[in-house]
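Peer 1: make a model of this:
(one chain, ligands or ions: 1)
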Amino acid sequence: KKREVTRLVDQVLTVEDDPSVVDSSGRVNSRPAFPPSPPKLPIIGNLHYLSKLPHRSLWWLSQKHGPVMLYHAGSKPVLVISSAEMAREVLKTHDHVFCNRPPIFASRKLFRGIAFAPYGDDWREMRKICVLELFSARRVQSFQSVRIEEVANTIDSISLSSSCVVDLREKLKFLTDHIFQRIAFGTSYKGKEPSGSPTIMEVVHEYLFIVGTVSLAKSFPYVRWIVDLFLRLRPSLKRKFHVLHSLFQKVIEEHKDPNRPRPEHEDIVDVLLQLEIDHRSIKAVLLDILVGGIDTSTVTMVWAMAELVKNPGVMKKVQDEVRSCVGNKANVEESDLHRLHYLKMVLKETLRLHPPGAILIPRESMKHCYINGYDVYPETMVIVNIWAIGRDPESWNKPEEFFPERFMESAIDYKGHHFEFLPFGAGRRGCPGISLGSVIMELTLANLLYSFNWKLPTGMTIEDLDMEEAGIFHLHKKSGLQLVPTKYDSDSFRKEVTFVDE
Ligand code: HEM
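Peer 2: I've put the predicted structure just below:
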């Protein structure tokens, strides 16, 4: 109601915002009804409102201007959606209008995989391959041995530091990097770079950062040449593109070598070569997988462990569940996961409060339509602030609290049917990697929780645990996560459980 009142007040103050202004002769004025918008400045539009954490600035603005707001990034109008109801309008009711991506990232000269491709036959074809061939249930299952081996290596490596401070973020980054490189390339190049050379993921991050900056500069026709001249982004972008291009080319050539030893499972490059996909598209899909999978899973698991350490009651409950389900096995297996109901709730609660993509990858309208009575014109960029929606008190009771039990009697899942909870997006452009991402996260978290007890380094209290956010593409925990693991003694737990049962 408060939002509606704010919207009405805004409409009274800004006549342009009123969708049905009646003039003195009683005629309905047919001027376009633009959504409410913060006051603009010349050249920069509304950019002065943006902080280092755009999802928070946009959330703050939406509290004043409503869940459908027009934000001006320089000369570019951007429709910002901040409620479950309006997200449903965009991602379901009008999904066919908003399933395009804006031309950022999508230059023909760069990689144009699935995530940033414009809507059309090329995207449709690659998306079909993605859903039916690359991330189908059968294919995800075929990568099981990779997950098991890599998670076991991580547990072994942490065991070596039992009772010492461990940089858990680094361990998890290393793990997901290995898993996704093995899934995509059949082998991991991590640690095999010539000394002093950046890792693949470092090049990927730099590449994305430059593409993002160049794209943003396009919204500022007056200052674009200054950005180009002083930051010399384009030559740098070209160099990064070539590094990735040659690496992916090398991987493809190795796969085409008839003397290559047969791996125990087909990797993504094998599948794409068998489907006779052209090399350029294969490279773009490889980039999508590295970008889509590695950071998202790492940041989510770091947030989950941080929230658990901050909430010892939840930590105990989830560890008790994992340990009593697994019994006296050496580790948690994938076949155990379907019984770990509370663990799944912990993961959902983490994704509600800390969705790695706080705002969905931008979409673009393909034709005129109305959202909540407002005109939205073709080629308007649309962003859905899923971070704000996950904390909206209209949808969530005590939204700031980490309370996994809220999912107990609830049918809400993250498959894109519940618009108050959209960590993987929804509709035609929703994430095709949900099953792969979630099984990696569940298996890793279950084993971390099974194998170790976790506490903060000596002298640190829960209050000292910094939950500050950072990041442009993916929202990570700014200060990393230093924790002390101690190896869990399953015998003593069994005695404890037997004692309780008796
Ligand atoms: C924690 C794990 C992950 C999260 C939270 C996540 C989240 C997302 C989100 C929010 C989108 C945009 C959806 C939209 O616009 O409605 C997306 C798209 C995408 N994701 Fe994921 N993702 C994850 C893991 C993965 C994995 C493991 C892969 C592949 C290996 C992947 C590949 C993709 C691709 C290719 C797209 C673009 C889809 C399209 O535009 O058609 N993601 N993801």
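
Peer 1: show me the strands in this protein, by range?
Peer 2: For the chain, the strands defined by DSSP state E cover 68-73, 76-81, 166-167, 363-364, 369-371, 374-376, 381-384, 452-455, 469-470, 476-477, 482-487.

Peer 1: redo these as a markdown table? Include mean pLDDT.
Peer 2: As requested, those are arranged in a markdown table below (pLDDT from 0 to 100):
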| stretch | mean pLDDT |
| --- | --- |
| strand 68-73 | 95 |
| strand 76-81 | 94 |
| strand 166-167 | 98 |
| strand 363-364 | 95 |
| strand 369-371 | 97 |
| strand 374-376 | 97 |
| strand 381-384 | 96 |
| strand 452-455 | 97 |
| strand 469-470 | 95 |
| strand 476-477 | 96 |
| strand 482-487 | 97 |
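
Peer 1: can I get those in JSON lines with mean neighbour count and distance to the ligand?
Peer 2: C-beta coordinates here come from the backbone N, C-alpha and C atoms, glycine included. Compiled in JSON lines, these are given as follows (neighbours: other Cβ atoms under 10 Å; distance: least, Cβ to the nearest ligand atom, whole Å):
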{"stretch": "strand 68-73", "mean neighbour count": "22", "distance to the ligand": "17"}
{"stretch": "strand 76-81", "mean neighbour count": "24", "distance to the ligand": "11"}
{"stretch": "strand 166-167", "mean neighbour count": "18", "distance to the ligand": "20"}
{"stretch": "strand 363-364", "mean neighbour count": "24", "distance to the ligand": "6"}
{"stretch": "strand 369-371", "mean neighbour count": "18", "distance to the ligand": "16"}
{"stretch": "strand 374-376", "mean neighbour count": "20", "distance to the ligand": "17"}
{"stretch": "strand 381-384", "mean neighbour count": "23", "distance to the ligand": "7"}
{"stretch": "strand 452-455", "mean neighbour count": "18", "distance to the ligand": "21"}
{"stretch": "strand 469-470", "mean neighbour count": "14", "distance to the ligand": "15"}
{"stretch": "strand 476-477", "mean neighbour count": "20", "distance to the ligand": "12"}
{"stretch": "strand 482-487", "mean neighbour count": "17", "distance to the ligand": "21"}
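
Peer 1: dump the ones you listed into TSV; add distance to residue 128 as well.
Peer 2: Shown next, in TSV, are the strands of the chain (distance: least, Cβ to Cβ, whole Å):
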stretch	distance to residue 128
strand 68-73	32
strand 76-81	27
strand 166-167	40
strand 363-364	20
strand 369-371	26
strand 374-376	28
strand 381-384	24
strand 452-455	42
strand 469-470	35
strand 476-477	32
strand 482-487	42
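
Peer 1: for residue 401, find the nearest of these.
Peer 2: Closest approach to residue 401 among the strands of the chain (Cβ to Cβ): strand 469-470, 17.2 Å.

Peer 1: now do that closest one: everything it contacts.
Peer 2: Residues from elsewhere that reach strand 469-470 (Cβ atoms under 8 Å, 6 or more residues apart in numbering): 52-53, 56, 354, 475-478.

Peer 1: give me the pLDDT for whatever residue of the stretch 201-350 of the chain ends up closest to the ligand.
Peer 2: Minimum separation of the stretch 201-350 of the chain from the ligand (Cβ to the nearest ligand atom) falls at residue 292, amounting to 2.8 Å. In this prediction, residue 292 carries a pLDDT score of 89.

Peer 1: alongside the ligand, which residues does the stretch 101-250 of the chain contribute?
Peer 2: Residues of the stretch 101-250 of the chain found near the ligand, taking Cβ under 6 Å from any ligand atom as the criterion, are 114-115, 127.

Peer 1: make JSON lines from those residues and add neighbour count and pLDDT to it.
Peer 2: Output for these, formatted as JSON lines (neighbours: other Cβ atoms under 10 Å; pLDDT from 0 to 100):
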{"residue": "114", "neighbour count": "24", "pLDDT": "90"}
{"residue": "115", "neighbour count": "22", "pLDDT": "90"}
{"residue": "127", "neighbour count": "16", "pLDDT": "95"}
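
Peer 1: could you dump these into CSV and include distance to residue 418?
Peer 2: Written out in CSV, the entries for those read as follows (distance: Cβ to Cβ, whole Å):
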residue, distance to residue 418
114, 24
115, 22
127, 22
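
Peer 1: where in the stretch 101-250 of the chain is pLDDT low?
Peer 2: Across the stretch 101-250 of the chain, the ranges flagged by pLDDT under 70 are 104-109, 194, 215-231.

Peer 1: got the residue ranges for the helices in it?
Peer 2: Remark: helices assigned in the stretch 101-250 of the chain by DSSP state H, counting those that start in this stretch are 121-129, 137-142, 144-159, 168-185, 200-217, 224-231, 233-256.

Peer 1: which other helices and strands contact the fourth one?
Peer 2: Under the contact criterion of 3 or more Cβ pairs under 8 Å, 6 or more residues apart in numbering; DSSP states H and E, helix 168-185 touches helix 144-159, helix 200-217, helix 268-274, helix 279-289, helix 295-310, helix 434-451.

Peer 1: repeat that with 7 Å
Peer 2: Helix 168-185 makes packing contacts with helix 144-159, helix 268-274, helix 279-289, helix 295-310, helix 434-451 when contacts are defined by 3 or more Cβ pairs under 7 Å, 6 or more residues apart in numbering; DSSP states H and E.

Peer 1: then the fifth one?
Peer 2: For helix 200-217, the helices and strands in contact under the criterion 3+ Cβ pairs under 7 Å, 6+ apart are helix 233-256.

Peer 1: list the contacts of the helix it packs on.
Peer 2: Contacts made with helix 233-256 from outside it, assessed by Cβ atoms under 7 Å, 6 or more residues apart in numbering, are listed as 110, 185, 200, 203-204, 206-207, 210-211, 213-214, 227-228, 260, 269-270, 273, 279, 282-283, 286-287.

Peer 1: now do 8 Å
Peer 2: The set of residues external to helix 233-256 that reach it, using Cβ under 8 Å, 6+ apart, is 109-111, 185-186, 189, 200, 203-204, 206-207, 210-211, 213-214, 217, 227-228, 260, 269-270, 273, 279, 282-283, 286-287.

Peer 1: fine, thanks again, bye for now.
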